[in-house]
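In: Give me the fold of what follows.
(3 chains, ligands or ions: 8)
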Amino acid sequence: MSVNSITRRKFMKSCGKVTATAAATAVGPYVDSAEAMELSEGGRDFSPTTGAQREVIPSACWQCVARDAILCYVENGRLVKIEGNPKSIRNRGRICAKGQAGISQLYNPDRLLYPLKRIGERGQGKWQRITWDEALNLLVDGGEIAGTKVKGLKALREEGTPEKFMFHYGRMVGSDSAIIKDNFLPAYGTKTVAGHTTICEGAKWVAQELTWGKHYDVNDVEHTNMILNFGCNFYEAHTSHIQLAQRAVNAQARGVKLVTFDVRLSNTAARSDEWIPIRPGTDGAVALAMCKVIMDEDLYDSDFIETWTNVTPRQLKDHLAQYTPEWAEGISGVPAARVRTLAIQFAKANPGTCVSYRGAVAHYNGVENERAIKMLDAICGHIDVKGGTCHGVGAKFSYPKASGHPVGLKIIDGFPGQIAYPTHHVDHQVLKMIKDGRNGRPDIYMIYCYNPAYVNGGCQENIDILKDEKLIPFFVSVDIAMGESTHLADLVLPDVSYLERWSWDNMVSYEMVPEFYLRQPVVESRGECRQFQDVAIEIAERLGIDLGFESTVDFIKRSCKESGVDFEYLKKNGVWHAENAVPKYLSYSEKLNESAYAADDILFDKATGVYWNWTKSNAKNKEEAVEKGYTDTKYGYEGYVGQKIGNAVFGGFKPDKINKSGKFELYSGFLEKSGFCPLPSYIPVPEHQDLKNGEMILTTYKVNVQSQSRTQNNKWLTEIYHENPLLIHPETAAANGINDGDRVLVKSEIGTIEAVAKCTEGIHKSVVSCSFHCGHSQHGEYASGKKTVVHQCEPDCGRKWWKGIGVNPNWLIPSKPDPIGGQMRFMDTVVSIAKA
Amino acid sequence: MPSYDIYHLPALNWMIALYFFFGGLAGGGFLLSFWAGYGKENSGHLARASAQITPIALIIGLLLLVFHLGHPFRFWLTLTTFRPSSVISWGTWVLTLFMIVSTVYAFLWRINKGGSAKVLGWLGVPLALFTSIYTGLLLMQLSGSPLWDSALLPWIFLVGGLVSAAAVSVLVLTLTGHEPAEPFFGLKRYICALVILELVMVGSELVALYTGSAESARVANMLLIGRFSVWFVGLQIIVGSVLPLGLLILAGAFRSRILPVLVSVLLLIGVLTVRFVVVFAGRISL
Amino acid sequence: MAYNKATERCKSVTSRREFIVASAPAGLAATVLATQKPLGNVHRGARDKCYGMVIDLRRCIGCHACSVACKSEFNVPLGVWRSWVKITEDGKYPNVRRTFLPKLCNNCRKTPCISVCPTGASHYDEHGVSSINQNKCIGCGLCVGACPYKMRFVNPEKRIAEKCTLCMHRVAKGVAPACVNTCVGRARVFGDFNDPESEVSSLVRTNKTATLRPQLGTKPQVYYIGDFDE
Ligand SMILES: Nc1nc2c(c(=O)[nH]1)N[C@H]1C(S)=C(S)[C@@H](COP(=O)(O)OP(=O)(O)OC[C@H]3O[C@@H](n4cnc5c(=O)[nH]c(N)nc54)[C@H](O)[C@@H]3O)O[C@H]1N2
Ligand SMILES: Nc1nc2c(c(=O)[nH]1)N[C@H]1C(S)=C(S)[C@@H](COP(=O)(O)OP(=O)(O)OC[C@H]3O[C@@H](n4cnc5c(=O)[nH]c(N)nc54)[C@H](O)[C@@H]3O)O[C@H]1N2
Ligand code: SF4
Ligand code: SF4
Ligand code: SF4
Ligand code: SF4
Ligand code: SF4
Ligand SMILES: [Mo]
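Out: Ligands and ions are numbered 1, 2, ... in the order given. Next comes the predicted model:
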C-alpha cells in the first residue's frame, strides 16, 4: 500500500463523489470497503496541526543501555517525535517511555551548550564560559584554574607518564568506545581507563566468564516453555528491555509460565504467574536447591553434562547433597515445596530459561548466585538451544585500531589482592584508590558520561575525593548536563546528546541474528556542543598523534567498509542484517575443520584440550607458551581456537578475559586456586547473618520511566516519576512505629537519609526498598527543583506542578566489592529506620 | 488499596466559584425584592435595596464567567448558537434576558416606581429562579464528580442565593443608616428558616454521598475529616451557618448595629465557602 | 464489572433524549423537586465508522510508553494528559496483585462531553469521532467536568479543551495511532467496530470484554480484555 493510494482514496471519499467501488478501481490493489482500511503500524508520522508529513531520520536510542533502533521525525529542523524503527528485528518497531521522551533529553532546558571553566571553589558553581579553543588549550597545554596551575595532556606525555591521564567512562559503546578505547587512549599511551560495569552487573559477567566465556546471555523467551526469573525486572528495566519484554509478553500469551523471585513486587513480579518473595542475597541458595532436586530426580541432561561440562553427574549429586529445599527455605524463605515443584517443572519444560539480573548479582555472593543459576540452566540442557539461555549474538564491526603499548596506574582493579577476578575492573573503588594514593594518582582525571558522585555507593566519600585538588589536580568532565559530578569539575566539555551523535552500534539481538545499526544526528548540534569522539581526534592532532581517520563519520565509514556493511544503506534504513542469516543456536557445537587448528602457531594444550594460538597471548615465544601452558599464560584466551572433545574439535564455549577451556566449566579451577569453592556454592552475605532487632536490608531498583541518573531532568519522565518512597511492609512498619506516609530517617553505617515511608504488601518483610534515580542536587529544575547555571527557559517553563524530588539511596550504600568479581554490593546494605 | 493515577490540572477555578456566588446573589436578590415588594408596608426600602443588588451582582458574575474562559473574546460564540442540551447555553441566554429585566426592575425601584416594578417582577421571577438554580444544574451536568452529581445541588444553591441576598440587604441597609424596628428588617425568621433548610439539605447530601459509591464516600470523608474539613466543617458549617443561626436565635431583641453586620458577614462567608468547597472539592475528586 | 454484549456495541442509536430522574434522599423528597438530567448527545447513524480500541490487559506491562508517545506526538504540556496508565494494587502478602489500566478517550457513542458544550465546539467529526473544533472552543472547561472518564483537559497553552483524538491525523493517512505504534506489550489494538472483519471486532467477538463505567450508558468504544480495578 503506497502513501499516495491512501491519501488519494481518503481524498475522494471525503469529497463524497466517488462510490466505494469506483474508489477501489481507482487505487488499484487496495480494496475499498470503507471498513477494510489496513493501517500500517508506523514508519510515517504527520503534524497533528497541519497534517503535513514529517521528515524521518532513522537512528538509535541511547536513553538506556538497550540501544534500540528508532525513527526520528523532524519538522523545520526541530525533532518532534521518536518512534521505534519497524525495520529492526530486535525492537520490532517498539520503544519504551524513555525512548519516546528522547526529545526532552535533546531539548533539556539545562543542557550544557558551551565549554565551562571553574572560577570559584570546586562545587561552588562559579563558572566562566570559554571557547573550545581555550578549553582544548587548557586540556592539552595545561594552564591555570582558579589560581592553581595544572598540567596538561602534553606535559604528561612528554614527561613519560601518560598513565597519569585517567579516563573514566560510564556508558560508552559501539564506535564511541572503539574510537576512544581502541584508538585515542592507546595512541596517547594510557591504560588508566575504567568504566562502570562493576556498579552495574559486573558479577554476572565474571560468573559467565568463569563458566561459559564471553558475556551477554540472551534468554530466548520467544521460544521458551518456562521462565524462572531471579532478580530481574525485565518489564521495567534489563539491558535489553524492549527486546526481552516484547517477547516475554508473547510467551505469556502462549501460556508460558513466568515465575519471579524478587524482594519486592516489581511490575515484572506483578505480571508473573507467581511472585515469590525472597530474602536478599539468597537466590543462589534457591537455584542450588533446584539443581539438587533435578539431579536427584534424574531429570538432568546427562548428555550435556557429560560432553560439554567438566563435571560428572555423580560429582554434581555429591556436591549438591547439602543443598536441600528445606535448607534453602531456611535461608531464603522460599517454601521448600515450591522449590521442588518449580524445579521439576523447569527441568521438564524443554526448554526453559533462567533470567537473572542485578537482583541476583549485586551482592557479596553475586558471582556464585549467577554461577548457580547458570548451572540450573546447564544441567537441564537449556544452554544455547532454541528457547533456552543463549550466548548473545551482536553485530561484529571490524574497525581500525591503534597500536601502541599503553601503560596504566594500578588503581582500576581495586585494592591489591582483594578481588580475585576483576575482569571488569573495580570501578567504584577507583576514587578510594586515588585517595589511598599508594598505587599512584592521576594528574588529570577525566570522566565521560559518568556520574560517580551520584551513582556509586557512598556519595559523601566520592564527593569529598572529587573536591580535593590535592588528590585530583585536574578534573575534567564530558557531559551533556550539569550532573552532580560535573558540578565538581574544573573543566566541562559539552558533549552532544545521542540525537546529535554519529556512531555505529552492536547490541545483542534476541532474534539470534546480528543486527548492524547506526546512530546519526537528527538535528544540528545544539549550541557549541561537540561530539567527544571528534574532540578526541582533535586533541590527538594537537598532540601530534595521527589516529588515521579524520572524524567520527570517517571512522564509521571505514568500519562499515571493513565489515562489508553499506554505510549509505544504514543511513537510509538505520538497521541492517544479512538476509540469509539464520538464528545462531548451539554455536558451541560447531565442528572445526582441521585447517582451523592445524597452523604452526597453534598449540594443543593437553591439560584442557584447548587449541590456542600462542602469538595472540602474552607469551614471549613458543617455548614459554608450551612450558606455561594455555591456562597459565597471560591472555591465553585471546588465542583460543577450539576445544577437543573425543576425536573432534569444536568451537566450544569460547573464553573471554579468563583462560578457561572451551567447556562449560561448572567446576572452576580458577576459583579453586583463589580459595573459593570450585563448584557453584552458596556464600552467605556476612552482614546479613545476625541482624539485630529493628535492622533490615535496603535494596534499590529501577523504574520503567527513568534511566539511571540521566533522565531526571526529562520533563515527560519526571512528570510521571519524581518521588521515590521507601517501600516497607505494613507489619515491619508497625513493628517500628511507622505509619504509611510518615517521614522516616534511614540509617546505615555510612549515613542517614530522610525518606517517606510507603506501606505496601508487595515487599519482603525483612526489606526496605527505595528506587534509584531520584534525589538529585544538580541536573536542573525538573530533577532537583533548582535551575542550573546554564538553564534556558522552554515553553513548559513554570508548568512544573510537582514539588518533591525524592532521595538518593546511594548516600547510605557503602562502596564495597564482592570478593570474586569486584561487583558493587548495591543490594546488601543493613539499615535501621526511625520516625523523622 | 494503594493506587497511582495521574490527574489533569483542574479546569474550574476560583473565578467560577465566585461566579456561582454572584449568580446566586443576583437571583436571590431579585426574589427577595419581589417578595418584599408584595410584603408589609414598611418593607419598601428592603425591596428597593435588594433590587439594586441584582444587576450589580449579575454584571460581576458575568465578567467573572467571561474571564474564566480560556478565550474570553470568543464569548460571543455562545450568543450566536443555542444548544438545547447545554445548560450553560440556556444560562447565557437566560442571564442576558435577566440582565435586561433586572436592570429595568432596579431602575423602576430607584425612581420610586415600585408599582410598575412589581408588575415587571412577575416576568423576572422565573428568570431569577433559573439563575439561582442554574449553577447547580450546570455542575450536575458535569458527571465527573460525585459531589457535583447531585440533585440537591441546585436547591442548595438557590437557598444559599436567598441567604446571601438577605445578608447583603441587611448589610447595605444597616450600613447606610437605616434604623428599622427590628435589626434584621423583618428577615430574621426568614433567614433562620433558610439556614436550617440549607443545613438539612447539606446533611442529606452527606448521607447520600456516604450511602453511594465508594468513590462518593471518599468525597464525603474528604469533606468531613479529610483535607477539606477545615473549610467544610469549620468555615461552612460552624462559622458560616451554625454560629450566625445561634446568634440570630439567642440575640433576641438585642439592639445593636454590630450584630446584624456580624451575622450578615458570617452568613456571606458561609455561602461563599459552599461555592468554593463545591468547586474545589468537586474538581479534586474528578 | 459489567460485561457488554457484543450486539450492543456501536449500534447507531436514534436521537432520543434520555433522562435520569435524579433521586433525592427520602427525607427531602417533599422539599426537593425532582430534577431532570439530560444524559448526553447521541451519536447519530449515517456515519460508517466506529473507531475505538481494544486493550488487552493481559498483555499490558504498565510501561507508560503509550502515555509518553502521546505526550510527544502532540507536545502535550505538563500537567495534562491525553492518555495515561492507572495502577492499582491489592491483596495480602505474598498474594499481591497490581493491575494496569491504560486510559484514553472512549469515543463514546453517547457523550455527556458534547451535550454540555455551549458553542458546538464539541461534536462528532466526519470520522464519527467525538472531537473538539479548536476554533469554536471558548475554553469554558465544562466538557472537562462532564466527561465521566476525566479524559478532557483545558490545554494551558492554547487554553482550549483537548483530549485524545484517536490520532485521526495519522489514521486518516493510514497509520496506527502513536500509542498503538509503540505499545510494548502490543496490548492496544485500534480499529473500526463497524467493520466485522477488523481485528477489534474479532477481538470483542471472541473475548470477554468490559468498558469503563458501563452503568453510565455512555457506550464507550474502548474495550478491555482482562481484569482491572477502575
Ligand atoms: N527503565 C530503566 N531500564 C533500564 C535501566 C534504567 O535505569 N531504567 N538501566 C539499564 C541498566 S544499566 C541495567 S544494568 C539494567 C538492570 O536491570 P535489572 O537488573 O532488571 O534492574 P534492577 O532494578 O537493577 O534490579 C532488578 C530487581 O532486583 C530486585 N532485587 C533486589 N535484591 C534482590 C535479591 O536479593 N534477590 C532478588 N531475586 N531480587 C532482588 C529489585 O527489587 C529489582 O526489582 O536495566 C537497564 N534498563
Ligand atoms: N543505588 C543504585 N545505584 C545504582 C544503580 C541502582 O540500581 N541502584 N544502578 C547502577 C547501574 S546498573 C549503572 S549502569 C550505573 C549507571 O551510572 P552512570 O554510568 O553514571 O550512568 P548514567 O547515570 O546513565 O549517566 C551519567 C551521566 O552521563 C551524562 N550523559 C547522558 N548522556 C550523555 C551523553 O550523550 N554524553 C555524555 N558525555 N554524557 C551523557 C548524564 O548527564 C549523567 O549525569 O548506576 C549504578 N548505580
Ligand atoms: S529500552 Fe527504551 S530507553 Fe532503552 S534503548 Fe530501548 S527505547 Fe531507548
Ligand atoms: S471518554 Fe469522555 S471525552 Fe471521550 S467521548 Fe466519552 S465522554 Fe467524551
Ligand atoms: S471547553 Fe470548549 S469544547 Fe469544552 S464545553 Fe467549553 S466550548 Fe465546548
Ligand atoms: S490515540 Fe493518539 S491521541 Fe489517543 S491516546 Fe493514543 S496517541 Fe494519544
Ligand atoms: S504501551 Fe502498551 S503495554 Fe505499555 S502501558 Fe501502554 S498499553 Fe500497556
Ligand atoms: Mo547497568
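
In: Let me know the helix or strand that the residue lying closest to B:P72 once chain neighbours are set aside is in.
Out: Leaving aside its sequence neighbours, B:P72 sits nearest to B:V66 (Cβ to Cβ, 6 or more residues apart in numbering or on different chains; 4.8 Å). (Glycine included, C-beta is placed from N, CA and C.) Secondary structure from DSSP states H and E places B:V66 in helix B:44-68.

In: Buried residues in that helix, which are they?
Out: B:45-58, B:60-62, B:64-66, B:68 (16 or more other Cβ atoms under 10 Å in any protein chain shown).

In: before we move on, what about stretch A:630-638?
Out: So stretch A:630-638, judged by 16+ other Cβ under 10 Å, has buried residues A:630-631, A:633, A:636-638.

In: Would you mind giving the residues you listed as CSV with secondary structure added?
Out: Formatted as CSV, the buried residues of stretch A:630-638 follow (DSSP: H, G, I helix; E, B strand; the rest coil):
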residue, secondary structure
A:Y630, helix
A:T631, helix
A:T633, coil
A:G636, helix
A:Y637, helix
A:E638, helix
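
In: Just name the closest of those to ligand 1, please.
Out: Distance ranking of the buried residues of stretch A:630-638 against ligand 1, using Cβ to the nearest ligand atom, places A:Y637 first at 24.5 Å.

In: ok, now which ones touch that closest one?
Out: A:655-660 (Cβ atoms under 8 Å, 6 or more residues apart in numbering or on different chains).

In: Pull out the buried residues from those residues.
Out: A:655-660.

In: which of the residues you listed are close to chain B?
Out: Among those, proximity to chain B is found for none (Cβ under 8 Å from any Cβ of the partner chain).

In: Can you tell me how far A:M433 is from ligand 4?
Out: Computed as Cβ to the nearest ligand atom, to the nearest Å, the A:M433 to ligand 4 distance reads 60 Å.

In: what's the distance between the closest residue to that residue other than its chain neighbours and A:D468?
Out: Distances taken as Cβ to Cβ, 6+ apart put A:I411 closest to A:M433, at 3.8 Å, once the chain neighbours are dropped. A:I411 sits at a distance of 15 Å from A:D468 (criterion: Cβ to Cβ, to the nearest Å).

In: Who has more neighbours out of those two?
Out: Legend: neighbour count by other Cβ atoms under 10 Å in any protein chain shown for A:I411 and A:D468, higher for A:I411 (26 against 15).

In: okay, and for the stretch 401-550 of chain A, where does confidence drop off?
Out: Scanning the stretch 401-550 of chain A for pLDDT under 70 picks out no residues.

In: all strands of it, in order?
Out: Remark: strands assigned in the stretch 401-550 of chain A by DSSP state E, counting those that start in this stretch are A:444-448, A:474-479, A:491-494, A:503-505, A:516-519.

In: host element of whatever residue of chain A ends up closest to ligand 5?
Out: Closest residue of chain A to ligand 5, Cβ to the nearest ligand atom: A:P48 (17.0 Å). If you go by DSSP H and E, A:P48 is not part of any helix or strand.

In: any idea how far it lies from A:N76?
Out: Going from A:P48 to A:N76 by Cβ to Cβ gives 15 Å.

In: ditto for A:I545
Out: For A:I545, the distance to A:N76 - Cβ to Cβ - is 41 Å.

In: of the two, who's got more company?
Out: A:I545 (18 against 6).

In: Ligand 3: which of the contacts of A:Y637 is nearest?
Out: For the contacts of A:Y637, the nearest to ligand 3 is A:D656 (24.1 Å; Cβ to the nearest ligand atom).

In: if you skip the residues just before and after it, what's nearest to the closest one?
Out: A:K214 (3.9 Å).

In: secondary structure class for the one you found?
Out: coil.

In: The one 4 residues further on too?
Out: Three-state assignment for A:V218 (three-state DSSP): strand.

In: show me where pLDDT drops low in chain A?
Out: A:1-37.

In: Buried residues of stretch A:144-158, list them for me.
Out: For stretch A:144-158, by 16+ other Cβ under 10 Å, it's A:145, A:150-157.

In: Return the distance of the residue nearest the centre of chain C relative to ligand 7.
Out: Central residue of chain C (Cα atoms, centre = their mean): C:N106, 1.5 Å from the mean position. For C:N106, the distance to ligand 7 equals 15 Å [Cβ to the nearest ligand atom].

In: can I assume that residue is in contact with C:P214?
Out: No - C:N106 is not in contact with C:P214 according to Cβ atoms under 8 Å; the separation is 10.4 Å.

In: Tell me which residues touch the residue in chain C positioned nearest to chain B, please.
Out: Nearest to chain B, among the residues of chain C, is C:G139, at 1.9 Å (Cβ to the nearest Cβ). For C:G139, the contact set (Cβ under 8 Å, 6+ apart) comprises B:69-71, B:74, C:154, C:159-161.

In: mind checking the SS state of it?
Out: Assignment for C:G139 (three-state DSSP): coil.

In: Can you report how many residues lie near the residue lying closest to it once chain neighbours are set aside?
Out: The shortest distance from C:G139 to any non-neighbouring residue, by Cβ to Cβ, 6+ apart, is to B:G70 (1.9 Å). Look at B:G70: counted by other Cβ under 10 Å, it has 18 neighbours.

In: Next, the contact list for B:G70, please.
Out: Per Cβ under 8 Å, 6+ apart, neighbours of B:G70: C:137-141, C:154, C:158-161.

In: The same query, at a cut-off of 6 Å, please.
Out: C:139, C:154, C:159-160 (Cβ atoms under 6 Å, 6 or more residues apart in numbering or on different chains).

In: And A:Y448, by the same measure?
Out: Here A:Y448 is in contact with A:169, A:478 (Cβ under 6 Å, 6+ apart).

In: Please work out how many residues are found near the closest residue to C:G79 other than its chain neighbours.
Out: Leaving out its chain neighbours, the residue that sits closest to C:G79 by Cβ to Cβ, 6+ apart is B:L9, at 4.0 Å. For B:L9, the count of nearby residues is 18 (other Cβ under 10 Å).

In: Most proximal residue of the stretch 51-200 of chain B with respect to chain C?
Out: B:G70 (1.9 Å).

In: Roughly how far does that residue sit from C:V80?
Out: Counting by Cβ to Cβ, the gap from B:G70 to C:V80 is 13 Å.

In: got it, and B:L9?
Out: 6 Å.

In: Could you check how many residues crowd around A:D546?
Out: 9.

In: so who does the one residue in chain B that gets nearest to ligand 6 touch?
Out: Closest contact between chain B and ligand 6, by Cβ to the nearest ligand atom, is at B:I6 (12.9 Å). Applying Cβ under 6 Å, 6+ apart, we find B:I6 in contact with C:81, C:84.

In: In chain B, where is pLDDT below threshold?
Out: If you take pLDDT under 70 as the line, chain B has these spans: B:1-2, B:40-42, B:143-144, B:181, B:183, B:252-255, B:285-286.

In: would you list every one of the strands in it?
Out: B:3-4 (DSSP state E).

In: In the stretch 551-700 of chain A, what residue lies closest to ligand 1?
Out: Using Cβ to the nearest ligand atom, the closest approach of the stretch 551-700 of chain A to ligand 1 is made by A:T699 at 4.0 Å.

In: sorry, that was for chain C
Out: For chain C, Cβ to the nearest ligand atom, closest residue to ligand 1: C:C63, 8.7 Å.
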